[in-house]
Structures are given as structure tokens and as C-alpha cells.
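J.: My questions concern the predicted model and sequence given below.
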Amino acid sequence: MKQLMICLFVLHVTHVCMYAHVPMCAELSLDEKIGQLLMIAVTSCPAEQAFAARRSTYNVDPEYINQMIRDYHVGGIIFLGAGTPEQQIERTQQLQALASYPLLVGLDAEWGLAMRHKGVITFPRAMTLGALCKEDDALIYALGKEVGRQCRAIGVHINFAPVVDVNNNPGNPIINTRSFGECPESVAHKAALYMKGMQDAGILTCAKHFPGHGDTQTDSHHARAVIMHDAKRLNAIELAPFKQLIKQGVDAIMTAHLDVPALSGGKYVPSTVSYEVITSLLRHELGFDGLIITDGLGMKGATAYAAPGRLEVEALKAGNDILLCPVDVPRAVACIKKALANGELTEQEIDAHVERILQAKRAFCSSPQQGAIKTLHTSDALQLKQKLYTAAITLYGDTTLPVIAHNKPLVVCTYGQADVFINALQKGCVVEQYALERDLSQQEQARLQEADQLIVSLHLKGRSGMIEVPSEHQTLPCIDMINRYADKVTLLLFGSPYNLSHFPHVKRVIVAYENEPEAQEGGAETLLGLHVPTGILPVMPSRT
């Protein structure tokens, strides 16, 4: 508790709560204490509410949310779905006005507000940051501080970041580019920089997903995931970044719905409900005394183990403080009361959880700032974004850049949205562009065959940044074409470096990681000799 109290006290000096009185635990009734343990899913956009009503596990109907806050004293909210900062500010103010005590407001803003909102700056994802060399460490800290500043401006108190999963499984469907990479030391180092920047902006940070979601091919949103490594391997890889961030003062840790029998006494149960993982390992052995928060309790990785209500009881018995996204609040409250009555839980245990939550609120709760929207698109933030994408650019394989002859056309094949890249190239040379989304004519194929060198750029979309191959027995024409001319291709990859496994014979690759305009500009400038790449590949894809 000492570590958390020191951190909170320092921030309390400059970040005083602007809402109503945050009580001491002893001032609360049992119902109010139980309510403080719950952080429910909400949306700010009417379209998202309609979508959630059809597809989501969570009830985000505005009237239901209002009732849960009024009648069940819910202590926190997390905004899910897409929306705008204006909508979130308005909904936050509505819900704070309904609450007897300040709500703790959370958001998944791993790469900034753009992870959840439209019309805001999209900053690089963790894997892009993982490519930055140590000389650019200050940029990662600056990004954390900017993301924290923007979160605070719209009334967010806790950002569920950084992700400290070590992504050493190329087939991971849910972490992938959300990870800083496959090296535990690098993941810990870069995550700590990002964390410290957010903390210095006055935002609670949350390392996730404990004990490590990087080496699985199962998305725990949709199914139970199992990690079968032994304790020695888990300590060396998966747990290593969590240990480092605990030492450096992370405020909260989110637990994962992963079965890790080597850590849970041989039992196949989600870590979220394992006393051995949450209390014995995280609290006692690793000495973490901050907030422990479950991952969403509507995820199949959790609900496949226990029904709503019983699930919340098991999570509390394991040692979690905050129950994130309970599916059925009235049922959860009733089950917790029953567990207190029959001795499964004690009020002293509830008090310990509640006091940690209230301490966080005393130090971090603040209202959205006046004129916040105008502060989300500053020239400094846009310059920072440009610097980050440029600094991440990585040369892989043959590090001798192609010699671009400015007096003859450059043959460039593109796949995906490449307008910014082509426009930037045309400032320095004449470009012959061939789009690979379609079958090339015989004349076009002959032109590619006669060219001395080919520039091929893949502009990939989606959170994973992966080429969407139809099936394991099929391929895409662009993949076949690149491999056919591998000896003279310079490949620019605006997507996940894991895509390199498709191109084992391409000797010269420029990895720009994402298809943001700033990354496209940086890739073009690299070809034109205007930028010397310093990035380091954060993962090593198989190229056999």
C-alpha cells in the first residue's frame, strides 16, 4: 500500500479532485462499498448503443446505465465503442451528476484517443514504438505525456495502458501490434517510458494483461486461452515486464482470462479467478500494492468458466479490486452479498479493495477541461506524431538503399491506399505506378520484367496490419508478383513486420509499420535519400 499512497499523494498536490466529496471507506454503507468495486461499460455515441444492443455482451442502454449509477452506487465507467471526444465529455458530465461520489473514468487509449474516438490524432501503436532506438527514448516519454494530457482533457482518469505482453507468437490474433515486441527487456523499457509520461500528465496507468497474453493464438474475448509454459519460462519472459513496471511504480495491473496452470497450482482456471495468480503471485511474491483490475467480465474467456454473478465473487476471492464490465450488475451485487453472508468473502476484504479505489479517486478525479476539444490538435502533437513515425522506419536485410535515378521513371507497384506515398515520391522523381489490387495487363507485366529495379509498397489496414490471405492454401497476386521479382524488389511495408514471412527471398525491405500519412511520407523520404533510418525490428518473423 505504501508505494501507491506515495504516488497518489505526490499527484494529489497538483491534481485536486474537482467533483463532489470522495469519502473515507468507513463513511460508506455496504451497498455503496460493493458499488465502488464495479466499473461498468458505457458508450457515448447513439450508433454504438444500437450496435451494442444487437451484438455486445454488455447492456449500454442509457437508462440502464443511469439506474445502475443511481441505485447500485456503481463506482466507475469505461467508455467502449467509437464516438467523439465531445460525446464522451457530454456523457461523462451527465453520469458524474448522477453519482453520489465521483466516478472513476477509464478508457482504452493504448495509442491515444483514436483507439476509441473519431476525429482525433492517431498516434503510433506499441510495435511501432518498439522499433525506436534508445537515442529516441525521449519521444516515447513525450508520447505518453501527450496521450495522458489528452485523456485528462476529456475527463479520463485511468488509461488502460501500456500493454506489456511480450508478443512472441506471430499468430497472436489479439495482441500483435499492440505489443512493443518480442524482447522482454525492450518491452519493459519502452512501456516504462510511456507509463512515466502518462503519470507525469496526471493519469493513472494500467499494465496489461497479467500474467502475459503474448504467446497465444486464442483471443480471450471469444474463447478460453491456455498457456502451457513452465514457471521458469514464464518468469523469464511473460512476467519480466510486469516485474519491472511494478518496481517503477505502475498504478494498476489488469488481469487476463488465461489458463496458466504452471502459475495456478496446476488448475485450469482463468488467471482472473485464481487466488494463486492474483494474491499469492501478484500481491505477495511480486509485491504489487496498486489497483488490480479484471479484464472485461463479459469476455468468453471468463464467462466460459462461471456465470455472471458467480464470476464476480470468484474474481473478488482471487484478490481483484475492480470488477470491469460486469454483465449483470444487480445479479453481481446480489451474489457478492450472498458470499458475504455465507463467509466466502468478508467485509474487511471488501474494505481493502474499496480503500484502494477511493485513494485513487482522491488523487486523480477531475472534470473535463473547458475548451478541451481545441487542445486535442496542437502543432506540437502533430510534430510529435511525425517524429515518431519517421524515427521508427527500419531497414531490414540489405541495408544499401536503392539508387533512384531522377532522370528516368521509377517503377512503383502499390497495394492499398498509397496516395501520400506516391505524392511524396513525385517530388523527387518521375513515378510509373502500377496498382496490384487488380490483374496486370501483359504490357504492364512486360514493363515490370524489363525494369532494373522495382519499388513495391504494401499499404495494409486493420489493427493487426496483416495481409489478409484468403486461406492457407491460397495466396494473393501481389505476394506472387513480389516473390517472382524478389531479386530486384525493394519492399516498403506499411504494416506489421510479421508480413515478412510471406517474402523469404526479398533482400531489401523498408519497414514503416503503419499506413498513416506520416509513415508514408517517411518511407518516401527514405527512398529519396532524405532520411537515414535508425529503427530496429522489434520482432523477428520467420522467413524460411
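T.: Looks like it arrived, so ask away.

J.: Figure out the length between the terminal residues of stretch 28-41.
T.: Using Cα to Cα, to the nearest Å, one end of stretch 28-41 lies 23 Å from the other.

J.: How far does that stretch sit from its chain's centre?
T.: For stretch 28-41, the distance from its own C-alpha centre to the chain's C-alpha centre is 27 Å (Cα atoms, centre = their mean, to the nearest Å).

J.: What's the mean pLDDT across that stretch?
T.: For stretch 28-41, mean pLDDT rounds to 98.

J.: Buried residues of that stretch, list them for me.
T.: Of all the residues in stretch 28-41, those buried under the rule 16 or more other Cβ atoms under 10 Å are 28, 32, 33, 34, 35, 36, 37, 38, 39, 40, 41. Placement of C-beta: from N, CA and C, glycine included.

J.: now stretch 468-481
T.: Under the neighbour-count criterion of 16+ other Cβ under 10 Å, stretch 468-481 has 476, 478, 479, 481 buried.

J.: Could you do stretch 520-530 as well?
T.: Neighbour counts over stretch 520-530 (16+ other Cβ under 10 Å) mark 520, 521, 522, 523, 524, 525, 526, 527, 528 as buried.

J.: again, but for stretch 313-330
T.: 313-329.

J.: need the strands for the stretch 401-544 of the chain, in chain order.
T.: Along the stretch 401-544 of the chain, the segments classed as strands by DSSP state E, counting those that start in this stretch run 410-415, 431-435, 454-459, 489-494, 508-511.

J.: just the stretch 151-300 of the chain next, same as before
T.: Under DSSP E, counting those that start in this stretch, the stretch 151-300 of the chain gives strands at 158-159, 204-210, 225-226, 252-255, 258-259, 291-294.

J.: Tell me how far the residue nearest in space to the middle of the chain lies from residue 179.
T.: Residue closest to the average C-alpha location in the chain (Cα atoms, centre = their mean): residue 110, at 3.8 Å. For residue 110, the distance to residue 179 (Cβ to Cβ, to the nearest Å) stands at 10 Å.

J.: Give me the common contacts of these two.
T.: Counting by Cβ atoms under 8 Å, 6 or more residues apart in numbering, the residues touching both residue 110 and residue 179 are 126, 163.

J.: need the strands of the stretch 401-544 of the chain in CSV with distance to residue 142, mean pLDDT and mean neighbour count, can you?
T.: Below are those laid out as CSV (distance: least, Cβ to Cβ, whole Å; pLDDT from 0 to 100; neighbours: other Cβ atoms under 10 Å):
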stretch, distance to residue 142, mean pLDDT, mean neighbour count
strand 410-415, 32, 96, 22
strand 431-435, 34, 95, 16
strand 454-459, 27, 96, 25
strand 489-494, 23, 97, 25
strand 508-511, 22, 96, 23
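
J.: Now residue 146. Nearest residue, chain neighbours left out?
T.: Among residues not flanking residue 146 along the chain, residue 381 sits closest, at 5.5 Å (Cβ to Cβ, 6 or more residues apart in numbering).

J.: Other residues contacting the helix or strand containing that neighbour?
T.: Per DSSP states H and E: residue 381 is located in helix 379-392. Residues outside helix 379-392 that contact it (Cβ under 8 Å, 6+ apart): 121-124, 128-129, 131-133, 136, 139, 142-143, 146, 150, 512-514, 516, 518-519, 521-522, 525, 531, 534-535.

J.: Of the buried residues of stretch 313-330, which belong to strands?
T.: In strands, judged by DSSP state E, the following of those are found: 323, 324.

J.: Contact partners for the closest residue to residue 349 other than its chain neighbours?
T.: Computed as Cβ to Cβ, 6+ apart, the closest residue to residue 349 that is not its neighbour in sequence is residue 316, at 7.2 Å. Neighbouring residues of residue 316 by Cβ under 8 Å, 6+ apart: 37, 323, 336, 339, 345, 349, 350, 353.
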